[in-house]
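fold the following and give me the result.
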Amino acid sequence: MTMDADVEAGQAIYTPATLKAYDWFVLGFSNRLLWRCPTGHLRDLYARNVGARHLDIGVGTGYFLDTAPWPAPRPDITLVDLNAHSLAAAARRIARFSPQTVTANCLEPLPVTGGFSSIALGYLLHCLPGSIAGKAVVFDHAAPLLAPDGVLFGATILQGDAPRSAPARALMKFYNKKGVFSNAADTFQDLVFQLESRFADVMTRRIGAVALFEARRPFCASRRNSD
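Take a look at the predicted model:
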């Protein structure tokens, strides 16, 4: 597969039919019983970090946007995804906020205006092709869009050295074979390294096979290149 084909494979599974089952299967069943990270931890991650001007990259069904306790009655929300079905589903779910939708590949510079108080990458990285080092270009594209006091946060499912049961290993192997996941070599240590090389303030935690992260105060590109 080419890189473009790999990117397409990672998001192609999200059809109207699969999105209807996503909350039950992924957020209800898989998170608790397979990845061993109950969805409440992800809700808490959003609750701690969402700001009045928010960018969501890789929007899923919009579940976390719908349930988050927003700090403003009318938050300014921009949704970015390559999958039109996900964008439509999430936008409908939070229609009360009149979100802006943008169809874009997050591995390329994003066509949005910066100044976001929060940027979320929820369950995005494990769907992107390549190594953690290659996927980290998403951080490079997102960091300049943060407001000075903004936060980039998210979660990703690890394979690598992550503890997993036999059923979890089997499903992850199947997902990787089909291109739904691309996380065979993704480790917690690699994720931490990529974040800490780009942000001055990084908090990470692994729960089961899921890494949760919060990052603030990005370094400028010139500083990273000189380190």
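
which stretches of this protein form helices?
In the chain, the helices defined using DSSP state H lie at 3-12, 16-22, 39-49, 63-67, 84-93, 132-135, 137-142, 166-178, 188-196, 221-226.

would JSON lines of those helices with mean pLDDT be doable?
Shown next, in JSON lines, are those (pLDDT from 0 to 100):
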{"stretch": "helix 3-12", "mean pLDDT": "48"}
{"stretch": "helix 16-22", "mean pLDDT": "86"}
{"stretch": "helix 39-49", "mean pLDDT": "98"}
{"stretch": "helix 63-67", "mean pLDDT": "98"}
{"stretch": "helix 84-93", "mean pLDDT": "96"}
{"stretch": "helix 132-135", "mean pLDDT": "96"}
{"stretch": "helix 137-142", "mean pLDDT": "97"}
{"stretch": "helix 166-178", "mean pLDDT": "93"}
{"stretch": "helix 188-196", "mean pLDDT": "97"}
{"stretch": "helix 221-226", "mean pLDDT": "41"}
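
quick one: closest of the ones you listed to Thr113.
helix 137-142 (13.2 Å; CB to CB). Bear in mind the C-beta positions are built from the backbone N, C-alpha and C, glycine included.

what residues of that closest one count as buried?
For helix 137-142, a neighbour-count test (16 or more other CB atoms under 10 Å) marks 137-139, 141-142 as buried.

so what touches it?
55, 57, 106-110, 119, 121, 124-125, 128, 152, 194-195, 198-199, 215, 218, 221 (CB atoms under 8 Å, 6 or more residues apart in numbering).

give me that answer again for 7 Å
57, 106-107, 109-110, 119, 121, 152, 194-195, 198 (CB atoms under 7 Å, 6 or more residues apart in numbering).
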